[in-house]
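Coordinates for the following, if possible.
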Amino acid sequence: MLASNIGLGMEMVARMRKVFSRWAKLLLISMGCLLLLSLAGCKANLLGMLNPKGLITYEERKLFFNTLALMLIVVLPVIVMSFTFVYHYQVSHRIKDYKPNWSHSFFLESLWWGIPCAIIVVLAVLTWFRTHKLDPYNRISAQSQTDPLLVQVIALPWKWLFIYPKQDIATINYLAIPVDQEVEYWITTDNVPMSAFFIPQLGSQIYTMAGMRTRLHLLANETGTYEGLNTQFNGEGFSDMHFAVQVLDSATLEHWFSDIKKSPNHLTEAAYGELLNPSIGNEPQFFSGIASDLFQKVIDTYMNSSGAVHPRQDFHHPVPSKEAS
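Numbering: from 1, shown residues only. This is a model prediction of the structure:
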């Protein structure tokens, strides 16, 4: 009677295992199909380094996927073996290779310690070389016959000021740059805490602080309009501190420079003082005729200050609402 019950139980377990196996396979196939359908046609919607539009972002994406592939060498076998062991050594399996007293294997120990250590070494070497190659302070192409376009960037509360010193123009929350030409950015902040300059599809987020000049080199490979933003919380208007990035061919960019030079608005020191007042959600503005050495004067303001008095204390007053601004 007992043997009969045991046999019946084993038969039920076997049937349940077959049913579970079928449903598991069906579930995996369904999930795979849904994943493929969800990815279909979404390339245009990929952001950041997943849809690179610049040389630096392309290199960053390549580093990311190379690192991911190396780590999957360890992760995937662990996942597969976890399910394999659960299935293979379940109670219903009368297997001959079950060894309850087994405790150690030098060969297996060398595998599951040696392979991860080797991967860590490869990752360290790869990351070290890529980090130095993508140093934001270095020129992207030292052999280039074309000088980089210089753009001076000042993070204000809560907007971005872009100064083109050679062209003697400036913009608020709008950046126009050439395609296939390196751009060198000098970045600082004024009357706002530490900020972070980032154009996700062109690469290299970099932090900036008052009294310091941060440098960044980027190169766009495709024309188009991209988004730039501040990724460091710096106050009430942080979430609205975005700007448009327009990548243009050289002829179109030169024409744009000529149009901005005709602007009746001049960025005098008085006009710059108005920009220091906190505001949220600013529309793009354009200026011609920039105050002499404005960028360096902003840095010197903080470099030459000392004590507990903030050099911009006169501009610390209540922030207007989005509707008012």
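
The helix or strand residue 59 falls within - contacts with which helices or strands?
Applying DSSP states H and E as the criterion places residue 59 in helix 55-88. Using 3 or more CB pairs under 8 Å, 6 or more residues apart in numbering; DSSP states H and E as the contact test, the elements touching helix 55-88 are helix 106-133, strand 203-208, strand 214-219. (Glycine included, C-beta is placed from N, CA and C.)

who wins for proximity to residue 285 among the ones you listed?
strand 203-208 (20.8 Å; CB to CB).

Identify all contacting residues around that closest one.
49, 52, 54-57, 59-60, 134, 136, 153, 155, 187-189, 194-198, 214, 216, 218, 231-232 (CB atoms under 8 Å, 6 or more residues apart in numbering).

And those residues, which of them are buried?
49, 52, 54-57, 59-60, 134, 136, 153, 155, 187-189, 195-198, 214, 216, 218, 232 (16 or more other CB atoms under 10 Å).

angle of the helix holding residue 59 against helix 106-133?
Helix 55-88 runs at 160 degrees relative to helix 106-133, counting by axes from the mean of the first three to the mean of the last three CA atoms, to 10 degrees.

Could I get the buried residue list for helix 55-88?
Neighbour-count burial for helix 55-88 flags 55-61, 63, 67 (criterion: 16+ other CB under 10 Å).

Stretch 267-287 too?
Result for stretch 267-287 [16+ other CB under 10 Å]: buried residues 267, 271-272, 275-282, 285-287.

any idea how far the nearest residue to residue 273 once chain neighbours are set aside is from residue 88?
Spatially, and ignoring its direct neighbours in sequence, residue 273 is nearest to residue 315 (7.8 Å; CB to CB, 6 or more residues apart in numbering). As for residue 315, its distance to residue 88 is 70 Å (criterion: CB to CB, to the nearest Å).

quick one: residue 271 from residue 283, how far?
Taking CB to CB as the measure, residue 271 falls 16 Å from residue 283.

just the buried residues of helix 55-88 now: which is nearest residue 258?
residue 55 (27.9 Å).

Need the per-residue pLDDT for that closest one.
The score at residue 55 is 93. That number is its pLDDT.

Could you list which residues are in contact with it?
140, 203, 219, 221.

For the second one, list each beta-bridge partner.
Using DSSP bridges, the bridge partners assigned to residue 203 are residue 199.

ok, it - how many residues close by?
Number of residues near residue 203 (other CB atoms under 10 Å) recorded here: 27.

now the first one
Applying the criterion other CB under 10 Å, we find 19 residues in the vicinity of residue 140.

Surely it touches residue 57?
No. Using CB atoms under 8 Å, residue 140 is not in contact with residue 57; the gap is 11.9 Å.

how distant is stretch 172-179 from the center of its chain?
19 Å (CA atoms, centre = their mean, to the nearest Å).

For that stretch, which outside residues touch it?
149, 151, 159-162, 183, 218, 220-223, 228, 242-250, 253, 256, 275, 282-286.

Could you pull up the residues touching the nearest residue to residue 122 once chain neighbours are set aside?
In space, residue 122 comes closest to residue 70 once its chain neighbours are excluded; the distance is 6.2 Å by CB to CB, 6+ apart. Residue 70 makes contacts with 119, 122-123, 126, as judged by CB under 8 Å, 6+ apart.

Just the pLDDT at residue 70, thanks.
91.

And residue 17, by the same measure?
pLDDT at residue 17 comes out at 55.

got the contact list for the residue nearest to residue 273?
The neighbours of residue 315, taking CB under 8 Å, 6+ apart as the test, are 157, 191, 273, 276-278.

separation between it and residue 241?
Taken as CB to CB, the span from residue 315 to residue 241 is 17 Å.

which residues in the protein form helices?
Taking DSSP state H, the helices of the chain run over residues 2-39, 55-88, 106-133, 250-261, 269-275, 294-303.
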